[in-house]
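Q: Just to be clear, the model below is a prediction. Sequence and coordinates:
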4 protein chains.
Amino acid sequence: MAYGITGNPHKDGIWQPIAELTRWLHQRDIDFCLTDEIANGLLSRDLVDQAFCSQYTSADVASGAEVLLSFGGDGTFLRSAHAAGLDGPPILGVNVGRLGFLARVEVNETIAAIEKVDAGETGVEERLALAVEIEGDARGLQGMYPWALNDLVVDKSGTASMIAVEATVDGLALNTYWADGLITATPTGSTAYALSVGGPIVTPQVDGIVLAPIAPHTLTARPIMLPGSCELEIHVTTRDHPYVLAIDGRSGIVQPEEDLVIRVRRASGVVRLVTLPGEDYFKTVRTKLSWGQSAVF
Amino acid sequence: MAYGITGNPHKDGIWQPIAELTRWLHQRDIDFCLTDEIANGLLSRDLVDQAFCSQYTSADVASGAEVLLSFGGDGTFLRSAHAAGLDGPPILGVNVGRLGFLARVEVNETIAAIEKVDAGETGVEERLALAVEIEGDARGLQGMYPWALNDLVVDKSGTASMIAVEATVDGLALNTYWADGLITATPTGSTAYALSVGGPIVTPQVDGIVLAPIAPHTLTARPIMLPGSCELEIHVTTRDHPYVLAIDGRSGIVQPEEDLVIRVRRASGVVRLVTLPGEDYFKTVRTKLSWGQSAVF
Amino acid sequence: MAYGITGNPHKDGIWQPIAELTRWLHQRDIDFCLTDEIANGLLSRDLVDQAFCSQYTSADVASGAEVLLSFGGDGTFLRSAHAAGLDGPPILGVNVGRLGFLARVEVNETIAAIEKVDAGETGVEERLALAVEIEGDARGLQGMYPWALNDLVVDKSGTASMIAVEATVDGLALNTYWADGLITATPTGSTAYALSVGGPIVTPQVDGIVLAPIAPHTLTARPIMLPGSCELEIHVTTRDHPYVLAIDGRSGIVQPEEDLVIRVRRASGVVRLVTLPGEDYFKTVRTKLSWGQSAVF
Amino acid sequence: MAYGITGNPHKDGIWQPIAELTRWLHQRDIDFCLTDEIANGLLSRDLVDQAFCSQYTSADVASGAEVLLSFGGDGTFLRSAHAAGLDGPPILGVNVGRLGFLARVEVNETIAAIEKVDAGETGVEERLALAVEIEGDARGLQGMYPWALNDLVVDKSGTASMIAVEATVDGLALNTYWADGLITATPTGSTAYALSVGGPIVTPQVDGIVLAPIAPHTLTARPIMLPGSCELEIHVTTRDHPYVLAIDGRSGIVQPEEDLVIRVRRASGVVRLVTLPGEDYFKTVRTKLSWGQSAVF
């Protein structure tokens, strides 16, 4: 089993655990590799030496890895997933900080989790991703991700008021939203931004896409669940202000004269997650969202 | 083509249109039959004569029919669907009163719609139904429907305060809801009761089940979308009051000593709807829910 | 200082604390009296003797008391408040069980709280109550409270579907709600039932009334805040089913033929709460509703 | 009676009605004056001549006016109100376009409305305004309004993720919101932006302030209603991105290093609205928000 190791270098809490993990893997002759960024971070903190780094660093940790370890939070997991690409190795999110929906292994349980991977006790869960195709040019959109594991968002830019967003499904007019913005979310993204605007929680097995307006200026606009097989077109028709397009948290500005049509459909590839024995989506939801009797009013 | 004709006898507006339709069908020698109830209603209003009735009445309009016409509203459609049974003939809902999500043909367009059926210009759409299995005995539940096209609801009885409802999915604890009640809805039912408590609109093609609490006494309880393939168990644990169980609007009282487990899963059969050319789910949604610019505030 | 002591006899947790408190008060020659129910409960548990009971029991604990102690939860507090009447003695809610919005003293801090009362370190907070006047006769409404500290609710009875409720404010039509029901809440009641249907939290100092529909079958119906000075009329126009009327949790059934007009206005009297030093409405809200960073998703 | 006339020069629909009104007033020798902007607009469209303009233009239409006419929509009304200042003349909003909450006179009823003003048949309604005091310097906030008739908003800037906003009421911690933003609204503003994020409708007579988070990343954050007498402090604690501050729609950017405390309290002055006979706040609400039976689902 070969492990790729990546993480969020801005989180101080990742270095000691990664250093320990690499020593543990090294001692057992288990194959692994680090991203440059992680290797340099370990080196600059004197947690490993140069020789160790040279041995175990790779420009592309995902391609050779059978499991990709992502140290950080859910945001880090998203970046790791995009670095790995669709249909890449299954990812194990190690949570440094607050428990995440994607980064579900506590950092002090990393080695226990690796032992389970090695023992073949873990599984793999596939998550729907949304392929995004943008018709038209926009200077501000270099470096956007080509697909979303969580969501695609069009949003008014800061000082503007609402925008008008036309949504079309399989060529049929769905609605024009007058709102701060519109979130297109996968089941995975349903517990992220979409949840904050009243979208439903969608279990990962549902083959569907959530469309949820942000602060709609019509009381009748409600979140809608579309089939995973549909093709969605999003078109911001407001022309007096720039707006923001964000895919999995990476965003750019679209200028008023840049008239884009954004096409979204289920990607042909998926993102894979390592699942641990006894892991349970609903338990994560209950924990993260503080479900339970203590909150009854 | 053989037509079964049923409807809601409590709606005065159905009789003239049904009488006209039957004359029209009769003149063209198109096969059709009426339920006893409809036949008697026409007869008592002198809209048809006894001979006509005798010729065209059937105890089971659904079994012989290739298309079932349901005159009334969405509630009538539900009753017609249950009368026809799962995997019955496709149903054409003729709307007498306000436009419905299911009863989508305006009454004055009935004959035009029949002509399209006859010309082979119509289609058939399948709708997911939920099979309901109740473990335990409850005296008040005779006559409940065995499946739901819209929804299954557990609800506090009127004078009680909230109930506690445990929900389990595929054997895993989902949540205990402290609420007025809990709605389990199909995509079809997502635009009915579930919508009134903040549930998402779910397009009919989505293979999923909505679980939406009614007036939850925890702020973190949100609507959740489960996969159509799951098995859901619902268990009201409150024992100091009776509660109400309703399936597609037909309801009964469950007594405190009657400890039921309600199992819900996707039915093996479906309900079929006649679709007219140019018909469009989103147009119905926009019309019914008053989407549009005039409501922007 | 004279204390009236009441509580919820169905909560086992009240007896030891009340017994201890009474001994403590007796030893210090501080005047107090118990309701019959509390006295009998203590006696039957051998926590006090007959002589003690005879000395300290009163048929009307509120009238002589300068402070009324209510042992239980928020529901007990409501009953104690109604037993005391409007403009009665200030009430100190001792919380046996989960922390309440009204029962805010933990049971093990009862004596510490009494010492503060005696030392003059406590304050009094006035809460708006709603006077309810019912025009028309309804057999099922005997024993309803004549005013509400929390809320007045009209609600469909269990097996019915929605009701239509007309609301008029100062003689002007406000809205007809097609809904499961309609909640009229005080600021105090805004964190009870009204909150579960999406009503706003209203701080006790606001002179206003919340009107919040339960499961409205129109997407545009939203909670509305009316001025405390208004006169509200509520009229259930649905005539095919009984409905439920509840005031502060005490409810009765109104039959279809009983055509009532329910008039609600701010009561001339208030309910008084003892406030402890350092007590803080917002802290209670944060605690009860689990506000805080740990719940950020 | 002297009329000040202002309006939104970007709305083509205002010019003919204003020209007609000025002729009508001129013929009747009723005193009035126009803003420079309106006078120039009329002149450039050849709707009036230079002499007419010279006679009737004033640099300060509000100070001499007994009634201020604002031609446009609700946004125009806000600008007119700020131009007039607190405790200025009562404003009559003439609606060019869609009906507004503030601009309530249809443009073709302008002269009829003026006749009612002249006949003494109209009234005056006072609206609560919020005084805003900003502690700390921010380069981007020149030209902000010093008070709000609708709302004060802090909002993430476009490409950022959520911000953390601490709110303090009368020196007591209320909550830290992790959200897109936080809206502080008057009753007047309750039917604007605050409504789009789930805030309650607040009738103008309520002496209260709505605090409503935008897309909160905690499920327990709900709109809260504070008393008009309170002092609110708002403090954006996120320091990694700029944020946006907007008062009645006029906005500026606050940089990360600009650590502001925003203090909000009820202004000592009010905004006055002309009310027409038979005008009715609830009717406006019903019309604007499409309340009514046709929307029952």
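A: Thanks, I have the structure now. Residues are numbered from 1 along each chain as shown, chains lettered A, B, ... in the order given.

Q: What residues of the helix or strand that contains A:T22 count as buried?
A: Applying DSSP states H and E as the criterion places A:T22 in helix A:15-27. Of the residues in helix A:15-27, A:15, A:17-19, A:21-22, A:25 count as buried by neighbour count, 16 or more other C-beta atoms under 10 Å in any protein chain shown. From N, CA and C alone the C-beta is placed, and that goes for glycine too.

Q: Which elements pack onto whichever strand in chain A runs longest?
A: Of all the elements of type strand in chain A, the one with the most residues (DSSP state E) is strand A:261-275. Contact here means 3 or more C-beta pairs under 8 Å, 6 or more residues apart in numbering or on different chains; DSSP states H and E; on that basis strand A:261-275 packs against strand A:91-95, strand A:123-135, strand A:147-148, strand A:151-156, strand A:231-236.

Q: Setting aside sequence neighbours, what's the nearest residue to A:V254?
A: Counting by C-beta to C-beta, 6 or more residues apart in numbering or on different chains, A:A138 is the residue found nearest to A:V254 once chain neighbours are left out, at 4.8 Å.

Q: I meant A:G75, not that one.
A: A:G249 (6.3 Å).

Q: now swap in A:E279 and tell me
A: A:E279 sits nearest to A:R104 (C-beta to C-beta, 6+ apart), 6.7 Å away.

Q: Assess the claim that the one you found and A:I91 are in contact.
A: No: with contacts defined as C-beta atoms under 8 Å, A:R104 does not count as touching A:I91, sitting 10.7 Å away.

Q: can you list the domain ranges for chain A.
A: Per the record, chain A has its domains at A:3-122+A:276-295, A:129-268, by automatic domain parsing.

Q: Quick check: which of these has the most neighbours on average?
A: Greatest average neighbour count among the domains of chain A goes to domain A:129-268 (a mean of 21), per mean count of other C-beta atoms under 10 Å in any protein chain shown.

Q: how long is that domain end to end?
A: Taking C-alpha to C-alpha, to the nearest Å as the measure, domain A:129-268 stretches 8 Å from start to finish.

Q: Need the phi and psi values for A:Y193.
A: With angles defined as degrees, to the nearest 10, A:Y193 shows backbone torsions of phi -60, psi -40.

Q: quick one: contacts for it?
A: Contacts for A:Y193 were tallied using C-beta atoms under 8 Å, 6 or more residues apart in numbering or on different chains; they are A:150-151, A:153, A:183, A:185, D:215.

Q: next one: A:T238
A: Contacts were defined as C-beta under 8 Å, 6+ apart; by that measure A:T238 touches A:162-164, A:256.

Q: just A:G72 next, same as before
A: Contacts here follow C-beta under 8 Å, 6+ apart; on that basis A:G72 touches A:7-8, A:11, A:14, A:80, A:93-97, A:103.

Q: what do you get if the cut-off is 10 Å, keeping everything else the same?
A: Taking C-beta atoms under 10 Å, 6 or more residues apart in numbering or on different chains, we find A:G72 in contact with A:6-11, A:13-14, A:78-80, A:93-97, A:100, A:102-103, A:107.

Q: which of those come close to chain C?
A: Intersecting the contacts of A:G72 with the surroundings of chain C, defined as C-beta under 10 Å from any C-beta of the partner chain, gives A:G100.

Q: need the residues of chain A near chain C, please.
A: Counting by C-beta under 10 Å from any C-beta, the residues of chain A that sit close to chain C are A:74, A:98-101, A:191-193, A:195-196, A:218-222, A:285, A:288-290, A:292-297.

Q: And the helices in chain A, which stretches?
A: Residue ranges of the helices in chain A, as given by DSSP state H, are A:15-27, A:36-44, A:50-56, A:61-64, A:74-84, A:110-118, A:193-196, A:281-288.

Q: Lowest average pLDDT across those helices?
A: The stretch with the lowest average pLDDT out of the helices of chain A is helix A:61-64, scoring a mean of 86.

Q: And the contacts of that one?
A: With C-beta under 10 Å, 6+ apart as the contact definition, helix A:61-64 has outside contacts at A:2-6, A:31-36, A:38-39, A:58, A:68-69, A:80-81, A:83-85, A:88-89, A:91.

Q: Output those of these also counted as contacts of chain D.
A: Judged by C-beta under 10 Å from any C-beta, the overlap between those and the neighbourhood of chain D is nil.

Q: of all the contacts of A:Y193, which comes closest to A:L43?
A: A:N150 (32.1 Å; C-beta to C-beta).

Q: May I ask you to confirm that that closest one is in contact with A:A185?
A: Yes: with contact taken as C-beta atoms under 10 Å, A:N150 and A:A185 are classed as touching, separated by 6.6 Å.

Q: overlap in contacts of these two?
A: Shared between the contact lists of A:N150 and A:A185 (criterion: C-beta under 10 Å, 6+ apart) are residues A:130, A:191-194.

Q: Pick out the most distant pair among those residues.
A: Longest distance between any two of those is 15.6 Å, between A:L130 and A:T191; criterion C-beta to C-beta.

Q: related to what we said a few turns ago, now the longest strand of chain A against helix A:281-288, angle please.
A: Regarding strand A:261-275 and helix A:281-288, their directions subtend 100 degrees when assessed with axes from the mean of the first three to the mean of the last three C-alpha atoms, to 10 degrees.

Q: Dig out what the residue of the stretch 1-150 of chain A found nearest chain B forms beta bridges with.
A: Scanning the stretch 1-150 of chain A for the residue nearest chain B gives A:L128, at 11.8 Å (criterion: C-beta to the nearest C-beta). Beta-bridge partners recorded for A:L128 (DSSP bridges): A:V270.

Q: got it, and the one 4 residues further on?
A: Under DSSP bridges, the beta-bridge partners of A:V132 are A:V264.

Q: right, and it touches A:Y145 too?
A: Yes: taking contact to mean C-beta under 10 Å, the distance of 7.6 Å between A:V132 and A:Y145 places them in contact.

Q: Common neighbours of those two, please.
A: Taking C-beta under 10 Å, 6+ apart as the contact rule, the neighbours common to A:V132 and A:Y145 are A:152, A:247-248.

Q: would you list the residues you listed in JSON lines and tack on pLDDT and distance to D:P242?
A: Output for the shared contacts of A:V132 and A:Y145, formatted as JSON lines (pLDDT from 0 to 100; distance: C-beta to C-beta, whole Å):
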{"residue": "A:L152", "pLDDT": "98", "distance to D:P242": "24"}
{"residue": "A:I247", "pLDDT": "97", "distance to D:P242": "22"}
{"residue": "A:D248", "pLDDT": "97", "distance to D:P242": "22"}
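
Q: That'll do, ta.
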